[in-house]
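**Student:** Coordinates only, no sequence provided:
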């Protein structure tokens, strides 16, 4: 019996054959190894970003409170944030001189009344009229501070007549002037009040936009007694035929003069001008301190009023002294020429209907006399965002009524 030796080859199931990795995967592995090395060495990835990129991010943030929090992140952020050129300041409350001087005495009564009124500006302006219409002589301002949720951090407040800080109800409020003092390269500044100054009833529309230099340059006011949805809006969202109400030439009915309609529009006009001139007066310290400003907007969360100033207008205010009014804390309003358009019923393409729609375009008398393009009203139709811009364009096609107002 012969024995035969044989060699049996058995596969090793524990071993695997790996294909060669592509170059992209090898590159990713090397980057991951480098990142691990950076982490081991304690290197911050933000240090690898250029300052210009970080400033771009900070400018997108804009909000001054968020930028303040960024300042405490690192020394580098603390140095870069003051170089931001786009800043938004949202004011928490408005504090008058009387409020700040008697804050310690009245803090308890103010805090109790703040719970009863959700809108701190519902009675901000009270108007005193004698005869037909007289300029406003009395402006009352009320405070309803928003309390932060369990922190001692200061909030931004508009301090009338003060540039520092005031403590009210345990909360330290800083004026926008103080909040912005560390920013040295602001080009675009937007300040937003908590709400509009003019207390109006529900369903009433009142919006204004004003441009100022050293004094008022122009102002556009859009108002309506009632804003209601259109009954002619189709199910697919399209609208029926637009009905402007009344005849084609847009004549104002006689009842408008006898039932208080004209007087109401004059009240709207004067109150809007007072609000605009008061805002302009309060901006002077900020404009004087920040020479790099190219654009300044002072608006409110309700979208009621917008005050705008471009670079030329800002420079004009710095060069020419402010014209104060006989009433304190507002810029004097010059003699004015006004044009008024009215429609008893104005239906907009979006489905909104304005009852008693009124548009008023205002410019100083001396400016209107010297401008050759006095008949041009393109600046009026572009004053508001939609859908109110469309309302302005529809109203200026109607009959124009001219009025004059003395300086006040």
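**Tutor:** Arrived safely. These figures come from a predicted structure and were not determined experimentally.
**Student:** What segments of the stretch 151-300 of the chain are strands?
**Tutor:** For the stretch 151-300 of the chain, applying DSSP state E, counting those that start in this stretch gives strands covering 155-159, 165-168, 171-174, 188-193, 205-212, 216-224, 226-229, 295-300.
**Student:** Of these, which is nearest residue 337?
**Tutor:** strand 216-224 (10.5 Å; C-beta to C-beta). Any C-beta I mention is one placed from the backbone N, CA and C, and that applies to glycine too.
**Student:** What strands flank that closest one, and is each parallel or antiparallel?
**Tutor:** strand 205-212 (antiparallel), strand 352-364 (antiparallel) (DSSP bridges).
**Student:** could you dump the ones you listed to CSV with mean neighbour count and mean pLDDT?
**Tutor:** Shown next, in CSV, are those (neighbours: other C-beta atoms under 10 Å; pLDDT from 0 to 100):
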stretch, mean neighbour count, mean pLDDT
strand 205-212, 22, 96
strand 352-364, 23, 95
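**Student:** I'd like a version of these in TSV, one that adds distance to residue 306 as further columns.
**Tutor:** As requested, the strands paired with strand 216-224 are exported to TSV (distance: least, C-beta to C-beta, whole Å):
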stretch	distance to residue 306
strand 205-212	5
strand 352-364	14
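**Student:** pLDDT weak spots in this protein?
**Tutor:** 1-22, 26, 30-44, 94-173, 230-250, 323, 325-328, 368-376 (pLDDT under 70).
**Student:** now do 50
**Tutor:** Flagging of the chain using pLDDT under 50 yields the residue ranges 1, 96-154, 159-163, 232-247, 369, 372.
**Student:** Quick one: list the elements packing against the longest helix that it contains.
**Tutor:** Criterion DSSP state H: the longest helix present in the chain is helix 261-289. Counting contacts by 3 or more C-beta pairs under 8 Å, 6 or more residues apart in numbering; DSSP states H and E, helix 261-289 packs against helix 176-179, strand 205-212, strand 216-224, strand 295-300, strand 305-310, helix 311-319, strand 352-364.
**Student:** Buried residues, that helix. List them.
**Tutor:** Going by neighbour count (16 or more other C-beta atoms under 10 Å), the buried part of helix 261-289 is 261-262, 264-283, 286-287.
**Student:** That helix to strand 188-193, inter-axis angle?
**Tutor:** Helix 261-289 runs at 130 degrees relative to strand 188-193, counting by axes from the mean of the first three to the mean of the last three C-alpha atoms, to 10 degrees.
**Student:** Could you look up the SS state of residue 334?
**Tutor:** coil (DSSP: H, G, I helix; E, B strand; the rest coil).
**Student:** follow-up on the earlier one: of all the strands of the stretch 151-300 of the chain, which lies closest to residue 181?
**Tutor:** strand 171-174 (9.7 Å).
**Student:** Any idea which of the strands paired with strand 216-224 gets closest to residue 194?
**Tutor:** Within those, the stretch nearest residue 194 is strand 205-212; the backing value is 17.2 Å (C-beta to C-beta).
**Student:** can you redo the helices and strands packed on helix 261-289 as JSON lines with distance to residue 406?
**Tutor:** Below are the helices and strands packed on helix 261-289 laid out as JSON lines (distance: least, C-beta to C-beta, whole Å):
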{"stretch": "helix 176-179", "distance to residue 406": "32"}
{"stretch": "strand 205-212", "distance to residue 406": "18"}
{"stretch": "strand 216-224", "distance to residue 406": "14"}
{"stretch": "strand 295-300", "distance to residue 406": "26"}
{"stretch": "strand 305-310", "distance to residue 406": "22"}
{"stretch": "helix 311-319", "distance to residue 406": "23"}
{"stretch": "strand 352-364", "distance to residue 406": "12"}
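**Student:** what's the closest of the ones you listed to residue 333?
**Tutor:** In terms of C-beta to C-beta, the element of the helices and strands packed on helix 261-289 nearest to residue 333 is strand 216-224, at 5.9 Å.
**Student:** angle of that closest one against strand 305-310?
**Tutor:** 150 degrees.
**Student:** Can you check what angle separates strand 216-224 from helix 311-319?
**Tutor:** Going by the same axes, to 10 degrees, strand 216-224 makes 120 degrees with helix 311-319.
**Student:** Thanks a lot, see you next time.
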